[in-house]
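Enquirer: pasting the sequence and the predicted model now:
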Amino acid sequence: MFANQRAKLATLKNQVLALKTSTAQLAQNTKRLQTEVAHLSPVVSDLQAEVSRFQTKIAPHVEKIQAVLKTVQERQQ
C-alpha cells in the first residue's frame, strides 16, 4: 500500500519539477520575445512609414494606369 503511494508521490514530484522547469523556460522565452519585439517595433514603424510614402507617390500613376485600362476595355466592347 505504501509502495503504491510512494510511487504516485514520486510521479507527482517529477511532474511538479517538470512543470517548474517548463514555467521557468516559458518565462525566459517570454522575456526574450518581449526584448525582440521592443527592438523590432521601431523597424516596423519605419517600414509602415515607407509604405505610406510609397503609396502616396505611386497613387497618381496607379490612377493613370487604371484610366488607360478603362479606356482600353471600353474600346474593346
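Expert: Sure thing, it's come through.

Enquirer: ok, which stretches of the protein are helices?
Expert: 2-76 (DSSP state H).

Enquirer: show me where pLDDT drops low in it?
Expert: By pLDDT under 70, the chain has no low-scoring segment.

Enquirer: try 90
Expert: Within the chain, the stretches with pLDDT under 90 are 1-3, 77.

Enquirer: and the residue nearest the centre of it?
Expert: V37 (9.3 Å; CA atoms, centre = their mean).

Enquirer: show me what stretch 59-73 is in contact with.
Expert: Stretch 59-73 has contacts (CB atoms under 8 Å, 6 or more residues apart in numbering) with no other residue. Any C-beta I mention is one placed from the backbone N, CA and C, and that applies to glycine too.

Enquirer: and stretch 41-50, by the same measure?
Expert: The contact list for stretch 41-50, computed with CB under 8 Å, 6+ apart, is empty.

Enquirer: can you give the distance of it from its chain's centre?
Expert: Centroid displacement of stretch 41-50 relative to its chain, using CA atoms, centre = their mean, to the nearest Å, is 15 Å.

Enquirer: hey, C-alpha coordinates of it in PDB?
Expert: Taking Å, rounded to 0.1, in the frame of the first residue of the first chain, the C-alpha atoms of stretch 41-50 are listed here in PDB:
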ATOM      1  CA  SER A  41       8.900  48.000 -33.100                       C
ATOM      2  CA  PRO A  42      10.900  51.000 -34.500                       C
ATOM      3  CA  VAL A  43      11.700  49.000 -37.600                       C
ATOM      4  CA  VAL A  44       8.100  48.100 -38.200                       C
ATOM      5  CA  SER A  45       7.100  51.700 -37.700                       C
ATOM      6  CA  ASP A  46       9.700  52.800 -40.200                       C
ATOM      7  CA  LEU A  47       8.500  50.200 -42.700                       C
ATOM      8  CA  GLN A  48       4.900  51.400 -42.300                       C
ATOM      9  CA  ALA A  49       6.000  55.000 -42.900                       C
ATOM     10  CA  GLU A  50       7.900  54.000 -46.000                       C
END
